[in-house]
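> dropping the sequence and predicted coords here.
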Amino acid sequence: MTQSFGFTPDLTAFLGGMYSGVRGTPKVTGKIRNSAGTLSLAAHIDAVVTATCSRCLKEFGFVIERDITASLSESPEAEEDSELYCVSDAKIDANELIVTELILDSPQSPVCREDCAGLCVKCGKDLNEGECGCAGEADPRFAALLGWSDE
Ligand SMILES: [Zn+2]
Ligand SMILES: [Zn+2]
């Protein structure tokens, strides 16, 4: 049998670090299929969380759109007792599964966009808004590698 479900996921466990809050209402839809005692879950999550760009430190909406599949159980009783996995049970399992998946699968250093120029390490200017005038000086990361420093 196949059972569809849909719910608003609780993303609390996902938040932390560079991810500070949920925007709008996240949504999960999916199906659970019981096949020979194995429950397989296929879900799709749509959510937007507030993230801090690891380069320019601006907050932006980090879009989460992901398909998640998993096998929930190999219990031999699962086939006989399909009632056991009613929608509310599935919701608990699915939420935990999805959040775990998101934690494993999301960048620890999110960027607001792939080509975010970040902040100037010398003056702190947001280089997305233009050059700051420090350009042309040695990259301090190279300087550090070569043993130079500003001290
Ligand atoms: Zn950025
Ligand atoms: Zn600068």
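Sure, I can see it. Ligands and ions are numbered 1, 2, ... in the order given.
> where in this protein is the helix or strand with the lowest mean pLDDT?
Using mean pLDDT, DSSP states H and E, the weakest-scoring helix or strand in the chain turns out to be helix 77-80, at a mean of 50.
> name the residues of this structure found near ligand 1, please.
Cys53, Arg55, Cys56, Cys112, Cys116 (Cβ under 5 Å from the ion). Any C-beta I mention is one placed from the backbone N, CA and C, and that applies to glycine too.
> now the two most distant members of the residues you listed.
Greatest spacing in the residues of the chain next to ligand 1, by Cβ to Cβ: Arg55 and Cys112 (7.5 Å).
> in helices only, show me the residues of the chain next to ligand 1.
Mapping the residues of the chain next to ligand 1 onto helices (DSSP state H) picks out no residues; all lie outside.
> any quick ChimeraX command for the buried ones out of those?
Written as a ChimeraX command, the selection of buried residues from these, which uses 16 or more other Cβ atoms under 10 Å, is:
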select :53,55,56,112,116
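> pLDDT score for the closest residue in space to Arg66 that isn't next to it in sequence?
Leaving out its chain neighbours, the residue that sits closest to Arg66 by Cβ to Cβ, 6 or more residues apart in numbering is Ile45, at 5.4 Å. pLDDT recorded at Ile45 is 96.
> which element is Ile45 on?
Element membership of Ile45 [criterion: DSSP states H and E] is strand 38-52.
> in its sheet, what does that strand sit against?
strand 19-35 (antiparallel), strand 59-73 (antiparallel) (DSSP bridges).
> comparing the ones you listed by mean pLDDT, which bottoms out?
Lowest mean pLDDT within these: strand 59-73, at a mean of 88.
> so how far is that one off the chain centroid?
Relative to its parent chain, strand 59-73 has a centroid offset of 7 Å by Cα atoms, centre = their mean, to the nearest Å.
> who touches that strand?
19-20, 23, 26, 30, 32, 37-53, 85, 93, 97-98, 101-102, 105-106, 110, 112 (Cβ atoms under 8 Å, 6 or more residues apart in numbering).
> fine by me, thanks again.
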